[in-house]
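Asker: Need coordinates for the below:
(one chain, ligands or ions: 3)
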Amino acid sequence: MTEVVVIGGGVSGIQAALDLANHGIDVCLVEKEPSIGGHMAMLDKTFPTNDCSMCILSPKMMDVYRHPRIRTMTCAKVVSVSGTPGDFHVTIRMMPRFVDPEKCNGCGDCIEVCPVEVYNRFDAGLGVRKAIYKPHSQAVPDIVVRDTDHCIECGLCYDICGREAILKEDRERDITVHAQSIILACGYEVFDARKKDQFQYLFLPDVITGLEFERMMNASGPTGGKIRRLSTGETPRSVVFIQCVGSRDVPLGRPYCSGVCCMYAIKNAILLREKYPGIDVTILYMDIRAYGKGYEEYYQRAIGAGVHFVRGMPGEVTGQGDSIRIRVENTENGEILNLNPELVVLSTGLEPAPDAEDLAGMLGLPRESTGFFRTLNEKVDTVATERPGIYLAGTVTAPRDIPDCVAHSGAAAMRAFIDASRNSQCR
Ligand SMILES: Cc1cc2nc3c(=O)[nH]c(=O)nc-3n(C[C@H](O)[C@H](O)[C@H](O)COP(=O)(O)OP(=O)(O)OC[C@H]3O[C@@H](n4cnc5c(N)ncnc54)[C@H](O)[C@@H]3O)c2cc1C
Ligand code: SF4
Ligand code: SF4
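Answerer: Numbering: from 1, shown residues only. Ligands and ions are numbered 1, 2, ... in the order given. Just a heads-up that it's a prediction; the model follows:
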């Protein structure tokens with residue numbers, strides 16, 4: 001019997017699954033994407049240490065996948081939950097991969113021959129992938145998936161695959177497992193910058209989001225780690241970061257602080273100055289929120305590295321083609337600045353995961369007005385829910401950084417572990 005079902009295979013779900021399995025609990029980790037890893041797998045470095053994100057995450061992903069007590073299910077979603085605490089019946093739908101996971105060894109020959117290129121969601125839309133693909137080079141499991149929406153059935157991949165792993169037909173399969181507890185770790189979604197149309201995202205090619213910047217900075221990303229203007233392909237000489245895009249915005253219905261955007265902008269500004277000392281870097285902000293351990297020092301490091309911090313939020317970004325104009329008041333001294341950056345990076349906030357509503361209905365869990373899940377008590381019980389046996393881990397409750405997610409997930413795992421221990425004593 002599976003003892004705990006963990007929904008979501010980002011760093012939060014991974015940490016909860018590992019903590020439980022390392023204490024002898026059998027876990028079923030359910031991830032809807034073809035690979036586990038979540039948003040952390042998309043990041044380049046992490047604040048405040050500038051450690052490589054995948055250097056931390058990748059070993060954990062492998063540990064999960066190889067752990068004898070963890071059953072990792074990718075391309076999978078929970079579709080129904082019934083039963084009672086201690087005996088939940090969780091039905092998991094395995095979405096068709098059109099590849100036999102038992103036969104595929106991840107060699108990538110099929111990817112080489114596939115003639116179809118589609119924009120790659122993992123590269124935040126900047127790069128391309130094939131119709132048969134791995135989301136990224138360190139995907140776990142290290143096997144491919146065939147995207148039948150874009151496949152033209154040319155047959156080249158079937159011919160080249162010596163293992164006959166590629167399936168012409170595949171179908172959904174439902175599996176029901178019995179679980180004593182459930183941990184929900186379905187994470188967050190990045191705010192859609194198109195909703196702030198005054199910043200011209202997708203209208204001006206050199207206005208990008210923080211996540212796109214992370215993918216550009218990443219050596220295995222679409223530009224091989226080089227920061228480029230999408231208009232000219234050149235390295236920008238000046239970059240402006242605009243903070244709080246989709247955060248602390250009452251008219252937009254997003255009144256909360258996204259918690260991580262100040263720090264990730266500071267991180268990317270430092271990395272930019274270190275990689276390209278000649279680039280002029282400015283951060284336009286309302287307040288800098290550097291609340292965590294070592295974060296204030298990190299902010300000071302950015303100032304020392306020559307990053308300009310201007311307290312002031314522009315009303316709009318204007319321009320045409322490769323020319324950008326930003327007019328902003330420095331609210332500390334009343335000075336009006338007219339900036340002409342060659343690249344603008346929007347520090348987009350965090351919002352509830354797209355499946356949050358469905359999962360809330362299925363699990364019978366309340367959410368807050370922000371859409372994030374409500375915990376039993378904001379001060380003294382930040383992982384339990386109104387439903388005994390169902391716990392929350394990571395950004396599913398609120399925007400959080402990685403250290404906070406790891407600690408929160410450990411707490412959720414401990415609660416599920418206590419349930420399992422109690423139930424085994426009763427048997
Ligand atoms: C641009 C940017 C830069 C950042 N930089 C940093 C940094 O330097 N340092 C730092 O500490 N933090 C940083 N963060 C924050 C960091 O990304 C998060 O703290 C962390 O990734 C949250 O992990 P999570 O597991 O809670 O959520 P996620 O990473 O969102 O993982 C959730 C997982 O659940 C899966 N899922 C969703 N719905 C379902 C479903 N119905 N069924 C099954 N699976 C489902 C998703 O596919 C995903 O794999 C950054 C964020 C952004 C946007
Ligand atoms: S499907 Fe075949 S060719 Fe493609 S990666 Fe798997 S084993 Fe290699
Ligand atoms: S059959 Fe589809 S996935 Fe395979 S090579 Fe052709 S287009 Fe690509």
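
Asker: Kindly report the domain assignment for this protein.
Answerer: 4-95+172-187+353-426, 109-160, 191-350 (automatic domain parsing).

Asker: and those domains, which is most packed in?
Answerer: Of all the domains of the chain, domain 4-95+172-187+353-426 has the most neighbours on average by mean count of other Cβ atoms under 10 Å, namely a mean of 20. Any C-beta I mention is one placed from the backbone N, CA and C, and that applies to glycine too.

Asker: Would that domain count as contacting ligand 2?
Answerer: No - Domain 4-95+172-187+353-426 does not reach ligand 2 (Cβ under 6 Å from any ligand atom); its nearest approach is 12.4 Å.

Asker: just how off-centre is that domain within its chain?
Answerer: Taking the mean of its C-alpha atoms, domain 4-95+172-187+353-426 sits 14 Å from the chain's own mean (Cα atoms, centre = their mean, to the nearest Å).

Asker: Report whether that domain contacts ligand 1.
Answerer: Yes - interface with ligand 1: domain 4-95+172-187+353-426 contributes 7-13, 30-33, 38-40, 43, 46-47, 77, 185-187, 353, 355, 359, 394-395, 400-402, 405 (Cβ under 6 Å from any ligand atom).

Asker: Out of those, name the ones that lie in strands.
Answerer: Secondary structure assignment by DSSP state E places 7, 30, 46, 77 of these in strands.

Asker: Which member of the residues you listed is positioned nearest ligand 3?
Answerer: Among these, Lys77 lies closest to ligand 3 (Cβ to the nearest ligand atom), at 22.9 Å.

Asker: my read: that closest one touches Val30, true?
Answerer: Yes - assessed by Cβ atoms under 8 Å, Lys77 is found in contact with Val30 at 6.9 Å.

Asker: Quick check: neighbours shared by those two?
Answerer: Taking Cβ atoms under 8 Å, 6 or more residues apart in numbering as the criterion, Lys77 and Val30 both touch Ile92.

Asker: Strands of the stretch 1-150 of the chain, start to end?
Answerer: With DSSP state E, counting those that start in this stretch applied, the stretch 1-150 of the chain shows strands at 4-7, 27-30, 45-46, 51-52, 70-73, 76-84, 87-94, 117-119, 128-130, 132-133, 145-146, listed in chain order.

Asker: picking up where we left off before, may I ask which two of the ones in strands among the residues of domain 4-95+172-187+353-426 next to ligand 1 are separated the most?
Answerer: Within these, Thr46 and Lys77 form the most distant pair, 28.2 Å apart (Cβ to Cβ).

Asker: hmm, back to that, now the domains of the chain in JSON lines, with distance to Ile166 and mean pLDDT?
Answerer: Output for the domains of the chain, formatted as JSON lines (distance: least, Cβ to Cβ, whole Å; pLDDT from 0 to 100):
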{"stretch": "domain 4-95+172-187+353-426", "distance to Ile166": "14", "mean pLDDT": "96"}
{"stretch": "domain 109-160", "distance to Ile166": "5", "mean pLDDT": "95"}
{"stretch": "domain 191-350", "distance to Ile166": "25", "mean pLDDT": "97"}
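
Asker: For the stretch 301-427 of the chain, just list every one of the strands.
Answerer: Ranges of strands in the stretch 301-427 of the chain, per DSSP E, counting those that start in this stretch, are 308-311, 318-320, 323-330, 335-339, 343-348, 350-352, 390-392.

Asker: Paired strands for the longest one, with orientation please.
Answerer: According to DSSP bridges, the neighbouring strands of strand 323-330, each with its direction, are strand 318-320 (antiparallel), strand 335-339 (antiparallel).

Asker: Which among those is found nearest to ligand 2?
Answerer: Closest to ligand 2 of the strands paired with strand 323-330 is strand 318-320 (Cβ to the nearest ligand atom; 43.9 Å).

Asker: what's in contact with that closest one?
Answerer: Against strand 318-320 from outside (Cβ under 8 Å, 6+ apart): 200, 204, 324-326.

Asker: All set, thanks.
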